[in-house]
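Visitor: A predicted structure for the sequence below; I have some questions about it.
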Amino acid sequence: MRAVMFEEYGDSSVLSVRDRPDPEPGPGEVLVLVGASGVNYMDVYQRTGTYQLALPAGLGSEGAGTVLSFADDVRGFSPGDRVAWTGVPGSHAEQALVPAARLVPVPERVSTEQAAAVMLQGLTAHYLTHDSFAVRPGAAVLVHAAAGGMGQPLTRIVTHLGGRVVATASTPEKRDLAVRNGAVVAVAYADALDAVRKVTGDTGVDAVYDGVGADTFETSLQALRPRGTLVLFGAASGQVPPFDPMRLMSGSYFLTRPTLGHFIASRAELLERAETLFGWVADGVVEAAVTGRYPLDAVADAYVALEGRRTTGKLLIVP
C-alpha cells in the first residue's frame with residue numbers, strides 16, 4: 001500500500017509518497033481501508049517538529065473508511081463496517097492501523113467523507129464549547145478565523161447553543177461565509193475590538209476561541225470582559241511568545257491551552273462526543289464543508305493551501 005511519509009522536519013517539500021508493506025493488525029488493532037483523511041494544522045506541527053515524532057514518520061491524524069480485518073482480541077467490529085478516528089498518526093495512506101478503542105462507528109446518515117472531515121475539528125469544537133468554556137444562551141464569544149475548517153463548526157455550534165459570535169476572517173468572502181454560518185457580525189482582524197464593543201455594549205466578550213495564536217493573542221486578551229475566558233487552541237500564525245501570567249490579573253481572566261486528547265481519553269467520552277457530533281452533521285447543525293480533495297501524490301499541494309490560509313472549510317486526502 002502507499003502512504004505519505006517524511007524523514008526530516010521541514011516544509012511540505014519533505015513529504016513523499018512511499019510504497020509500504022500492507023499492515024497486519026496487532027493486539028487491539030483494526031486494519032481500515034482509508035476512504036478519506038483530513039488535512040489539519042496538527043499535521044503541520046508534527047511535520048515541522050513543533051510536535052516531535054520518531055522519524056521517519058507517516059503524516060495525517062484523522063480519517064474514515066471501511067474495516068478490512070482486526071486482531072483476534074478485538075470485539076464489536078465486522079469487515080465492511082464504516083468507522084472514523086482521530087489522533088492516529090499515518091492516516092494519509094491507503095490503509096491504516098487504528099487501535100480499536102479509538103474507532104467510532106459512522107451512522108448511515110453520515111457519509112465517509114463527512115466523517116473524515118469533522119472528526120478532529122468537530123470533536124474539538126464540542127469540548128471547546130462544552131468544557132473549555134461552556135456556551136450558554138446569550139453568551140458573547142469572539143471566534144478568530146471563523147471561515148476555516150475549525151472556525152466554521154465552532155461558529156455553528158456556538159450559535160446552536162444560543163451564543164452570539166463575533167467573527168474575524170481575512171477576506172470579504174470569508175466574512176460573508178462566517179455570517180452565513182450564524183455570526184452576528186464578521187470583520188477583519190484589525191476591526192475585532194470595535195466589533196466586540198458594539199456587540200457587547202463595551203463590556204467585552206465572555207470568551208475568545210483563538211486558533212490563530214501569535215497574531216491575535218493580544219487582541220483576544222483585550223476583547224475579554226472581566227472574568228472572561230481565553231481559549232487558545234491553535235497557532236496557525238505561530239506560537240504565542242512567553243507570557244507573564246500577572247497580566248491576567250487586570251481582568252481576573254482565565255487562560256487555557258487545551259488539547260483534544262485529554263477530552264476523549266476514555267472510550268465512553270469519545271463515543272458520547274462522536275454520537276452528538278454525527279447527530280449535528282446529520283441534522284445540518286454542523287456542515288462538513290469539504291472544499292478541496294487531493295490524491296496522495298498531491299499531498300504537498302494540500303498543505304501549501306492550508307498553510308497559506310487561502311482555504312475555507314475542510315481539505316481531504318482521498319487515496
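Guide: Sure, I can see it.
Visitor: what about the helices in this protein?
Guide: 41-48, 112-127, 151-160, 172-180, 192-200, 217-223, 267-283, 299-307 (DSSP state H).
Visitor: out of these, flag the one nearest Pro21.
Guide: helix 299-307 (20.1 Å; CB to CB). The way it works is simple: take the backbone N, C-alpha and C, and place the C-beta from them, glycine included.
Visitor: let me see the mean pLDDT of that closest one.
Guide: Average pLDDT, helix 299-307: 94.
Visitor: same deal with stretch 91-102?
Guide: On average, stretch 91-102 scores 97.
Visitor: sorry, back to before: now render the helices of the chain as TSV, adding mean neighbour count and distance to Leu316.
Guide: Below are the helices of the chain laid out as TSV (neighbours: other CB atoms under 10 Å; distance: least, CB to CB, whole Å):
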stretch	mean neighbour count	distance to Leu316
helix 41-48	20	12
helix 112-127	26	6
helix 151-160	26	15
helix 172-180	17	18
helix 192-200	18	30
helix 217-223	20	30
helix 267-283	17	15
helix 299-307	19	8
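Visitor: quick one: closest of those helices to Val14.
Guide: Short answer: helix 41-48, nearest of the helices of the chain by CB to CB, at 6.8 Å.
Visitor: make CSV out of the helices of the chain and add distance to Val4.
Guide: What follows is the helices of the chain, written out as CSV (distance: least, CB to CB, whole Å):
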stretch, distance to Val4
helix 41-48, 9
helix 112-127, 15
helix 151-160, 25
helix 172-180, 28
helix 192-200, 36
helix 217-223, 32
helix 267-283, 25
helix 299-307, 5
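Visitor: nearest to Gly80, of those helices?
Guide: helix 112-127 (12.2 Å).
Visitor: would you map the strands across the stretch 201-319 of the chain?
Guide: 205-210, 224-232, 254-256, 290-294, 314-317 (DSSP state E, counting those that start in this stretch).
Visitor: residues in contact with Gly58?
Guide: Gly58 is in contact with 3-5, 89-93, counting by CB atoms under 8 Å, 6 or more residues apart in numbering.
Visitor: now swap in Leu221 and tell me
Guide: Applying CB under 8 Å, 6+ apart, the residues contacting Leu221 are 230, 247, 253.
Visitor: one more pass at 10 Å, please.
Guide: 208, 210, 228, 230, 243, 247-248, 250-251, 253, 255 (CB atoms under 10 Å, 6 or more residues apart in numbering).
Visitor: circling back to that earlier point, just the ones in strands from the contacts of Gly58, please.
Guide: Among the contacts of Gly58, DSSP state E puts 3-5 in strands.
Visitor: most neighbours, which of these?
Guide: Within the ones in strands among the contacts of Gly58, Val4 tops the neighbour count with 27 neighbours, counted by other CB atoms under 10 Å.
Visitor: what's the neighbour count on the residue nearest to that residue when sequence neighbours are not counted?
Guide: Among residues not flanking Val4 along the chain, His92 sits closest, at 3.9 Å (CB to CB, 6 or more residues apart in numbering). If you count neighbours by other CB under 10 Å, His92 ends up with 29.
Visitor: same question, the one 5 residues further on
Guide: Here the count is done by other CB under 10 Å, and Leu97 has 17 residues near it.
Visitor: count of residues packed around the nearest residue to Thr48 once chain neighbours are set aside?
Guide: Nearest residue to Thr48, sequence neighbours excluded (CB to CB, 6+ apart): Tyr9, at 5.6 Å. By other CB under 10 Å, 15 other residues sit near Tyr9.
Visitor: go ahead and confirm Tyr9 touches Pro56.
Guide: No. Taking CB atoms under 10 Å as the contact criterion, Tyr9 and Pro56 are not neighbours in contact, 11.1 Å apart.
Visitor: now the common contact residues for these two.
Guide: Between them, Tyr9 and Pro56 share no contacting residue, judged by CB under 10 Å, 6+ apart.
Visitor: quick check: bridge partners of Val165?
Guide: Taking DSSP bridges as the rule, Val165 bridges to Val141.
Visitor: look up how far Val17 lies from it.
Guide: 39 Å (CB to CB, to the nearest Å).
Visitor: one step back: reformat the contacts of Gly58 as JSON lines; add distance to Phe77.
Guide: Shown next, in JSON lines, are those (distance: CB to CB, whole Å):
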{"residue": "Ala3", "distance to Phe77": "22"}
{"residue": "Val4", "distance to Phe77": "25"}
{"residue": "Met5", "distance to Phe77": "27"}
{"residue": "Pro89", "distance to Phe77": "21"}
{"residue": "Gly90", "distance to Phe77": "19"}
{"residue": "Ser91", "distance to Phe77": "18"}
{"residue": "His92", "distance to Phe77": "22"}
{"residue": "Ala93", "distance to Phe77": "19"}
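Visitor: biggest separation within the residues you listed, which pair?
Guide: Met5 and Ser91 (12.4 Å).
Visitor: so what sits against both of these two?
Guide: Joint contacts of Met5 and Ser91 (CB under 10 Å, 6+ apart) are 58-59.
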